[in-house]
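Trainee: have a look at this prediction, sequence included:
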Amino acid sequence: MSGPTSRAFERAKTPSIKGLVFREFVRWYEQTRGRDATLRAYSSLSEPLRAHLDPGRECFGILAGSWYPVDIVGGMLESITWGLTLEQRSALLRSGVAHSVGVTLTGVYKVLFRTLVTPERHAKYAQKIWDNYYNTGTVRGRMLAENRSEQWVTDWSGHHPLLCELSIWSLTVFHEHMGCTNVKVSRSACVLGSQMSPRAPRGPSSTQMKAVDPSKATPPAPSSSSMLGGITTEDPYQRPDGCRFSIQWQTR
C-alpha cells in the first residue's frame, strides 16, 4: 500500500512513535538521571499506557522496530520535565535528542545518511524522514535560501507540546550531522498558537501538560479550503494551521 491511500490509513491509526529513538532516549535518561528517576516517569503513566512497557527489562522492553502510542512518550516527558525552568527543560531535551538521534545516525543509518542527506535533500524528502519516527503528520520542506530552509508539519494528530519542542532539537542535530555549523532552528507557528516562542509550549495536546496552565492555552487557528484573508489555502504553504520550523546554518 502506498500513496495517499496509505497516508490516510496511517493517520487513522493510533498516533504512534517509532521505538528506535524512544528506546535510546530512555537509555540515555536512565544512564544520566538514574533508575529511580526513570521508574518515576514510568509510574506517572496510566495503567493502559504502562501495559506497553516492561519495567523488568532493559529500556522497559522497548523494541527499536516497534511502534508505541505517543501518549507514552508525552507522559514520560511531562514527568521528567516537571518543575524545570524553560532553560533547564531545553537543556535536558537537547541532550536527550543529541544522544538518541545521534545513535541512529551513527549506527544503522550512518552510511545511508551520509550518502543521501544534505540540507537540500532533507527538505525534499522531509516526509520520508519524518515517517521513520512518527506514523501521523504531513510534512513539507523547502529551501528558502542557500543556508536557510523551512519545515512545516500539518495533520499531526499525535502532536504534543514537548514532542513539538523535541522537533526543534531533532532538526538541529540532523543538520549538525550533515556538517552544518552554527545551526539555529526556530518555531514560528504551532497548532497550539499561531505565533510561539521557539522554546515555550503553550498548552496541552494529546495528554494534559502538567507544567502549563491549560486556561492560558491558545486554541489552534481555524483552517479552511476557501479564501482566508485574501490568501487561498490551495497553496499548502499559506495554510494557517500546523507547526512551522525555520532552519538556518553555516557551511564549513
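Mentor: Sure thing, it's come through.
Trainee: show me the contacts for Thr14.
Mentor: Pro69 (Cβ atoms under 8 Å, 6 or more residues apart in numbering). Any C-beta I mention is one placed from the backbone N, CA and C, and that applies to glycine too.
Trainee: quick one: classify it as helix, strand or coil.
Mentor: Following DSSP: H, G, I helix; E, B strand; the rest coil, Thr14 is assigned to coil.
Trainee: Thr32: how many residues sit nearby?
Mentor: Counted with other Cβ atoms under 10 Å, the neighbours of Thr32 add up to 13.
Trainee: likewise Ile80?
Mentor: By other Cβ under 10 Å, neighbour count at Ile80 equals 22.
Trainee: pretty sure it is in contact with Arg33, am I right?
Mentor: Yes - under the criterion of Cβ atoms under 8 Å, Ile80 makes contact with Arg33 at 7.4 Å.
Trainee: next, count neighbours for Val185.
Mentor: 21.
Trainee: what's the separation between it and Ser246?
Mentor: 7 Å (Cβ to Cβ, to the nearest Å).
Trainee: could you confirm Gly102 falls within a helix?
Mentor: Yes - the assignment for Gly102 is a helix, going by three-state DSSP.
Trainee: so it sits against Val173, correct?
Mentor: Yes - taking Cβ under 8 Å as the definition, Gly102 is a contact partner of Val173 at 6.5 Å.
Trainee: of the two, who's got more company?
Mentor: Between Gly102 and Val173, counted using other Cβ under 10 Å, the more crowded position is Val173 (21 against 15).
Trainee: which residue is the nearest non-sequential neighbour of the more buried one?
Mentor: Closest residue to Val173 apart from its sequence neighbours, by Cβ to Cβ, 6 or more residues apart in numbering: Val101 at 4.7 Å.
Trainee: same thing with Ala126?
Mentor: Excluding the flanking residues, the one nearest Ala126 by Cβ to Cβ, 6+ apart is Gly141, at 3.4 Å.
Trainee: quick check, pLDDT for that neighbour.
Mentor: On pLDDT, Gly141 comes in at 96.
Trainee: mind checking the SS state of it?
Mentor: Classified using three-state DSSP, Gly141 is strand.
Trainee: quick check: it touching Glu150?
Mentor: Yes - between Gly141 and Glu150 a contact is recorded at 6.8 Å, counting by Cβ under 8 Å.
Trainee: overlap in contacts of these two?
Mentor: Shared contacts of Gly141 and Glu150, counting by Cβ under 8 Å, 6+ apart, come down to Ala123.
Trainee: counting neighbours, go ahead and name the busier of these two.
Mentor: More crowded of Gly141 and Glu150, by other Cβ under 10 Å: Gly141, with 23 against 17.
Trainee: helices of the protein, start to end?
Mentor: For the chain, the helices defined by DSSP state H cover 3-12, 19-33, 35-43, 47-50, 70-81, 86-106, 110-116, 119-124, 126-130, 161-177.
Trainee: now those as CSV including distance to Glu146?
Mentor: Below are these laid out as CSV (distance: least, Cβ to Cβ, whole Å):
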stretch, distance to Glu146
helix 3-12, 31
helix 19-33, 30
helix 35-43, 42
helix 47-50, 44
helix 70-81, 35
helix 86-106, 23
helix 110-116, 20
helix 119-124, 9
helix 126-130, 18
helix 161-177, 14
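Trainee: Arg252: which of those is closest?
Mentor: With Cβ to Cβ, the closest approach to Arg252 among the helices of the chain belongs to helix 161-177: 11.3 Å.
Trainee: tell me what angle the closest one forms with helix 86-106.
Mentor: Angle of helix 161-177 versus helix 86-106, following axes from the mean of the first three to the mean of the last three Cα atoms, to 10 degrees, is 50 degrees.
Trainee: counting contacts, what elements does helix 161-177 pack onto?
Mentor: helix 70-81, helix 86-106, helix 119-124, strand 180-189, strand 243-251 (3 or more Cβ pairs under 8 Å, 6 or more residues apart in numbering; DSSP states H and E).
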